[in-house]
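Visitor: have a look; sequence and predicted model below, questions after that.
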Amino acid sequence: MEDKKQQTSVRNKAMDLLARRELREFDSDEITAAIDSLQRDNLLSDERFTESYVSQRFNAGFGPLKIRYELRQKGISESLTDEFLEAYADRWDRLMQQQRVRKYGEAIPADYNQRMKQARFLQNRGFSPESVMRLFR
């Protein structure tokens, strides 16, 4: 069953790449019109993308700073990013704790160097230094 899913996924990706290559044959005005039509039909929207992206990255264990940075790199506005990150506001600390426990176990180390190692890990995952330090208090 899993092999069948992977074959389907590979096939879909190949079709996507072929479709992109074929778009090069169209006039830029035609491409713009098609994109505008997709946006009007709400099949292509920054809101849908942002909502999906934030959910996916949250579920993968990444914090708000990393997700914000990635969305900025993708051209998503700060206001839209804020809107969808805010929906998870009461869940970031719990996610950070889960990521620390998953990687290092329940016990918070007494050793300063080990605590800093864990802090760096969490900051690299996109959690703020302030929230990380709160976790270790």
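Guide: Done, it's in. Numbers count the residues shown, from 1 in each chain.
Visitor: now do the helices in this protein.
Guide: 2-23, 28-40, 46-59, 64-73, 78-86, 92-104, 112-124, 129-136 (DSSP state H).
Visitor: by mean pLDDT, show me the worst of those helices.
Guide: Lowest mean pLDDT of the helices of the chain: helix 2-23, a mean of 63.
Visitor: so for this structure, the centremost residue is which one?
Guide: Nearest to the mean C-alpha position of the chain, by CA atoms, centre = their mean, lies Arg57 at 3.2 Å.
Visitor: surely that residue and Arg68 touch.
Guide: No - when contacts are counted by CB atoms under 8 Å, Arg57 is not listed as touching Arg68 (10.1 Å). (C-beta placed from N, C-alpha, C; glycine too.)
Visitor: Thr50: neighbour count?
Guide: Residues contacting Thr50 under the criterion other CB atoms under 10 Å number 20.
Visitor: show me the contacts for it.
Guide: Leu71, Ile76, Leu80, Thr81, Glu83, Phe84 (CB atoms under 8 Å, 6 or more residues apart in numbering).
Visitor: can you rerun that using 7 Å?
Guide: Residues near Thr50 by CB atoms under 7 Å, 6 or more residues apart in numbering: Leu71, Ile76, Leu80, Thr81, Phe84.
Visitor: which one is the first one nearest to, not counting chain neighbours?
Guide: Nearest residue to Leu71, sequence neighbours excluded (CB to CB, 6 or more residues apart in numbering): Thr81, at 4.8 Å.
Visitor: state the distance from the one you found to Arg48.
Guide: 14 Å (CB to CB, to the nearest Å).
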